[in-house]
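*Asks:* Let's see this in three dimensions:
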Amino acid sequence: MRASIRIALLLVTLLILFLVVQLPPAGATHGGDTRVSIGSPSSPFSQNKQNEPAVAVDQAHPNILAAGANDNIDMEACNAGDDTTCPFTPGVGVSGIYFSFDSGDHWVQPTYSGYSARTGVGGSCLGQVGPDPGCVPLTPQQGGRIGTLPWYYEHGVVSDGDPAVAFGPRPDAQGRFSWANGSRLYYANLTSNFSAKRSEAGFKGVEAIGVSRTDNVAAAAAGGASGKAAWKSPVLITGSQSAAAFADKEQIWADNAASSRFFGNAYVCFARYVGGPSAGSNAHTLDVARSTNGGDSWSKLTLVNIPGSSSGKFALVSGHSGCTVRTDASGTVYVFWLGWDQQLKQQGIYMARSFTGGASFEPPRRLFLAVHTGIVDPVLARTTMDGIAGARSDLSDAPSIDIANGAPTGTGATNQIVLTWVDGRDGLNNEHVFFTTSTNRGATWTPLRRVEEQIGHPSDRGYYSAPAISPDGRDVYLVYNAFTEPYKPSTIGAANDRPLVGVVTHADVAANRAVGAFSQLHRSPPGDARGSSQNDLTAEFLGDYVYAAATNGYGAAVWNDVRRAADCPAIDAWRMALRTGASVPTPAPQQDCPATFGNSDIFGGSYADPTTP
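*Replies:* Purely as a prediction, here's the structure:
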């Protein structure tokens, strides 16, 4: 049996290596969409829950993509312990990893050994109807299997999601970066201490940033022992030495243009809550960490600070957060974020640049007003825009950018910047997917345009958006999630569904760098967002991101998708009762709901440049 398993793993590895070598570098084929979170089951909840996708393309090998997502594939079922609860299993990671070797047409999700509640010791993590002793996860030595990042349990920490991925060049033995050395995949995610192994964790605080890396995506994608060995141990970027420090909403980038003065540098931006994320202790900063040695070590500086607030949970979304980081062909570092202007009492899109490879930054500059979407939910105390008990929209107005930096060589780069966010300035049910661009390194910007109107769908209520511009600056791709119906004041009945779609658009860029009108490349089948769920069941959950990447031949996008999720009337009634005060018993999802309740997925698509002759 063991020989058969080894032979099977060898065949899988050889097949993936064949695809890497043989597939042409450009040319997406199908143009529709496909499931990226391919390893996740359709049931039970919460193993079927995935959200917050990220995607990156290896510009030196443009047929290779990597994606990340919050992935509950390794969590316990609701029937473990109390059947009415569906907790995150302590110590089990949620940073899912997926690979494509054909430009995003098909995806694989590897399986590694790790700390897992997929089944648990004696099946304890699947539980049974009625009370039972609860979940006892399997360790790697006991045969635990995970579909998330490896090596976290072994180092006393937990991969906690908020994924961010980027490809850059690999350094040689002397630390010199070159594409000739191969490519390195970076995966940044939130990371917490595993309490049972606290002495090994090595950091104080609630959450740090962990960065995983691999130089062999073919081996990593094959999974098993060799796939796990292809990953380096995670390196931690800590928020501070405070026990309450909480790093959040990170983004990663690797300088991938060989023309850059700082070619190979890697950068992570994130919000750092000095006093933790609890009400009344929301003093936080926007930090940028950089690595000049391929992620072996990181230095960190603070761009901006916001004082502590006594305004409760809303300080979490009114300060410096939701950042994104990129580099141009010369190595200038650009950081954008959602910030709060104390004098104007407004949120805005901010930018700061570094001309020293991240060693120092110019003073931040406010670019645009940004207005948050949705209204406050009385139970969540957070904003939702699809309906009561809906999916939180904390960072819908955070910026997402990309730069035409000419990667992998940098030759012919236009350095044009594209920027998008979802804005609520016209009020509930009139949200817009904004787009603007700069051709002079962020000094000036074109007038804001409403993408949903340009593609002929003015009723699309943007939820999250992300752009990508081809390295040669000729094509812009933009993906967004959107609700297609107005805010619903009730959860109950067919009329109160919340149709959610993923939309991919494209615009040509003229020789004078003017971005043409957007047209729709793809619109996903709708799904009812009520079928998604927080683990505590009190509301929907779709996370905070969508993502896009582009080569000179195609664009790729990933988004949150609920087409395979079933609405659960028992959950709907209970969620509504939490807000009205009615007496409704707490449901047991595995007994009271359809099997696919909670089955949110990551879908994606790959789209050839529609205007290439």
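
*Asks:* least trustworthy helix or strand in the protein by mean pLDDT?
*Replies:* helix 2-22 (a mean of 40; mean pLDDT, DSSP states H and E).

*Asks:* tell me which residues in the lengthiest strand in the chain are buried?
*Replies:* Looking across the chain with DSSP state E, the single longest strand is strand 177-193. Across strand 177-193, burial judged by 16 or more other CB atoms under 10 Å covers 177, 179, 181-193. The C-beta positions use only the backbone N, C-alpha and C, and glycine is treated the same way.

*Asks:* Quick one: list the elements packing against the very next helix or strand once past the least confident helix or strand of the chain.
*Replies:* Remark: after helix 2-22, the chain's next helix or strand is strand 34-35, criterion DSSP states H and E. On a contact count with 3 or more CB pairs under 8 Å, 6 or more residues apart in numbering; DSSP states H and E, strand 34-35 meets strand 601-608.

*Asks:* strand partners of the strand it packs on, parallel vs antiparallel please.
*Replies:* Strand 601-608 has its sheet partners listed here by DSSP bridges as strand 34-35 (antiparallel), strand 554-561 (antiparallel).

*Asks:* In this structure residue 457 contacts residue 503, no?
*Replies:* Yes: applying CB atoms under 8 Å, one finds residue 457 in contact with residue 503, separated by 7.4 Å.

*Asks:* Name the residue in these two with the higher neighbour count.
*Replies:* residue 503 (27 against 17; other CB atoms under 10 Å).

*Asks:* Who are the contact partners of that one?
*Replies:* For residue 503, the residues meeting the contact criterion (CB atoms under 8 Å, 6 or more residues apart in numbering) are 452, 455, 457, 460, 479-482, 520, 522-524.

*Asks:* Got the confidence number for it?
*Replies:* Residue 503 is assigned 98 on the pLDDT scale.

*Asks:* re earlier: select, from the buried residues of strand 177-193, the two members most distant in space.
*Replies:* Using CB to CB, the buried residues of strand 177-193 span at most 37.0 Å, a distance reached by 179 and 193.

*Asks:* circling back to that earlier point, in strands only, show me the contacts of residue 503.
*Replies:* Using DSSP E, those in strands are 479-482, 520, 522-523.

*Asks:* Give me the buried entries from these.
*Replies:* Buried by 16+ other CB under 10 Å: 479-482, 522-523, out of these.

*Asks:* If we only consider those, which is nearest to residue 542?
*Replies:* Among those, and counting by CB to CB, the member closest to residue 542 is residue 481, at 7.3 Å.

*Asks:* pretty sure that closest one is touching residue 542, no?
*Replies:* Yes: here residue 481 reaches residue 542: they are 7.3 Å apart, a contact under CB under 8 Å.

*Asks:* returning to what we had before: partner strands of the longest strand of the chain and their direction?
*Replies:* Strand 177-193 is paired, per DSSP bridges, with strand 157-159 (antiparallel), strand 164-171 (antiparallel), strand 208-214 (antiparallel).

*Asks:* can you map out the helices along the protein?
*Replies:* 2-22, 217-222, 224-229, 451-454, 569-580, 589-592 (DSSP state H).

*Asks:* so how far is the fourth one off the chain centroid?
*Replies:* The chain centroid and the centroid of helix 451-454 are separated by 24 Å under CA atoms, centre = their mean, to the nearest Å.

*Asks:* what does stretch 518-532 give?
*Replies:* Worked out by CA atoms, centre = their mean, stretch 518-532 lies 18 Å from the chain centre.
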